[in-house]
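1. structure, please.
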Amino acid sequence: MQVPGYAHFGGKHGESAAIKNLLGWAGVKNPISGEPFSEALCFGIAGGIGAGYSFCPSVPRWGCGSGVSVIGRHISYATGPAWYQGFFDRIGAKTRVTETAATGKAFQNLMEELQAGRPTVVWCATGLLPFLGCPMDSCGLWMHSFVVFGVDDVKQEAVGSDRLATRVTISLEDLAAARGKICSHKNRTLTFDPPTKLTADTLRSAIRDGLRACTRELLAGKMKTFSLPGLEIWSKMITNSSNKDGWLKVFDPKRSGLMFFALRDVFDSIETAGTGGGAFRFLFADFLDEAAAVLKLPALTELAATYRDLGQRWSNLADAALPDRIASLRETKQLLRKRCKLLEERGEKGAKQTAQATERLAELETVLKKCFPLSSAETTSLLDRLREQIVALHADEVRAAQALQRLV
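-> Numbers count the residues shown, from 1 in each chain. Here you go, the predicted model:
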């Protein structure tokens, strides 16, 4: 059983790709250009970029990595469907959401949506989705959403669409486990009814509302760590040896191999974890270019250039976190980039190569968590340099967000 006519795949970021692909299936087009919605336009209307620094101390205690993540997307702290609903509300589309703690009811809810001809967004534990190449999140602590558009009863598998270049498949058993693993809002589905008529004025209003939501969260977010002040917090923690969350205390390479995990997770969360690179800034810059044309605001084009520059600086920070002069750290980021590229360009057709990259990453992880390749002095020096970059990025990100807020 498969939703008729669904053949829309690929993107840079899982959630904005899901919206783009759902709109493509529904035949919803940009009322001004007459073209399908771009992923960048979907990303921006949904709220665009975020900022901040997240550290979950329970993650290293459970042996699942560092717990460090650099925040780049709007309201990424929200465990509910708010990001999707923000987009659909702004374009005047009605959504339906179901949630249940029961596995059987979860499958029933999914099947009812599919049988009604509606491709369905589902929320899962990231590390339990094999088609993502067995990412580092082996404990399934982080959430990932993608579109399911069919179920094969004979093969006992679901068929879906994500940022991968091809359709994805997952056994019904694995899908049920992934949907039930996340700590809250288990077994959620989301579908939408296309707007009866999407006008140019509605699109303009949606873009402005998305930009306003973006700047509000950046400058005065509900959670300080998930807004621009979070970068200040990070700059104070990354070289701190006394605070309980200080990097030189939590990730002290003399006591554990967690420093490698922290640096790797900085790189991955900025560059290769479905951000489009540069902490989502390149994707956001593309949105600002589109928004400038729609709203007839040339100043947004200037800000697009500003955010592309910021994106490059975020990429430089990520690159510096795993120094090239250390062969094992250089290979780690090369493999993370390779896996990301395979997913986005080859999808499941590149599954063998993706698995090989993941296997090699696991081998490096085993070595590096036992013996971190930098001395204490070298580690402190590296963190000092990263701190300087973070401080400068924070100041310029604030200026850019304030300039954007004044415009909208």
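2. in three-state terms, label Phe192 for me.
-> Using DSSP: H, G, I helix; E, B strand; the rest coil, the secondary structure recorded for Phe192 is strand.
3. heads up, I number from 42, so please use that
-> In the new numbering, first residue 42, that becomes Phe233.
4. run a quick neighbour tally on it.
-> Number of residues near Phe233 (other CB atoms under 10 Å) recorded here: 24. In short, each C-beta sits where N, CA and C put it, glycine included.
5. with Leu363 instead?
-> Residues near Leu363, counting by other CB under 10 Å, number 23.
6. any idea how far it is from Thr399?
-> When distances are taken as CB to CB, to the nearest Å, Leu363 and Thr399 turn out to be 17 Å apart.
7. give me the pLDDT for Gly75.
-> With respect to pLDDT, Gly75 has a value of 96.
8. what are the phi and psi angles of it?
-> phi 80, psi 0 (degrees, to the nearest 10).
9. against Leu336, how distant is it?
-> If you go by CB to CB, the gap between Gly75 and Leu336 works out to 18 Å.
10. same check on Gly191?
-> 38 Å.
11. in which helix or strand does Ser110 reside?
-> strand 109-114 (DSSP states H and E).
12. helix or strand next in line after that strand, which one?
-> Once the chain leaves strand 109-114, the next helix or strand it forms, by DSSP H and E, is helix 123-131.
13. which elements pack onto whichever helix or strand comes after that following helix?
-> Of the helices and strands lying after helix 123-131 in sequence (DSSP H and E), the nearest is strand 135-139. When contacts are defined as 3 or more CB pairs under 8 Å, 6 or more residues apart in numbering; DSSP states H and E, strand 135-139 sits against helix 123-131, helix 144-156, strand 230-234.
14. any idea which of the ones you listed gets closest to Ile223?
-> Using CB to CB as the criterion, the shortest distance between Ile223 and the helices and strands packed on strand 135-139 is 11.8 Å, found for helix 144-156.
15. the longest strand belonging to the chain: which residues count as buried?
-> Among all segments of the chain classified by DSSP state E, the strand with the greatest residue count is strand 184-193. Residues of strand 184-193 classed as buried: 184-192 (neighbour count, 16 or more other CB atoms under 10 Å).
16. which residue ranges of the stretch 192-341 of the chain form strands?
-> 198-202, 209-212, 230-234 (DSSP state E, counting those that start in this stretch).
17. any chance of a markdown table for these, columns distance to Gly287 and mean pLDDT?
-> Formatted as a markdown table, those follow (distance: least, CB to CB, whole Å; pLDDT from 0 to 100):
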| stretch | distance to Gly287 | mean pLDDT |
| --- | --- | --- |
| strand 198-202 | 41 | 97 |
| strand 209-212 | 40 | 96 |
| strand 230-234 | 39 | 97 |
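18. adding distance to Thr256, write those strands out as JSON lines.
-> Converted to JSON lines, the strands of the stretch 192-341 of the chain look like this (distance: least, CB to CB, whole Å):
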{"stretch": "strand 198-202", "distance to Thr256": "31"}
{"stretch": "strand 209-212", "distance to Thr256": "34"}
{"stretch": "strand 230-234", "distance to Thr256": "26"}
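19. ends of stretch 360-368, how far apart?
-> 13 Å (CA to CA, to the nearest Å).
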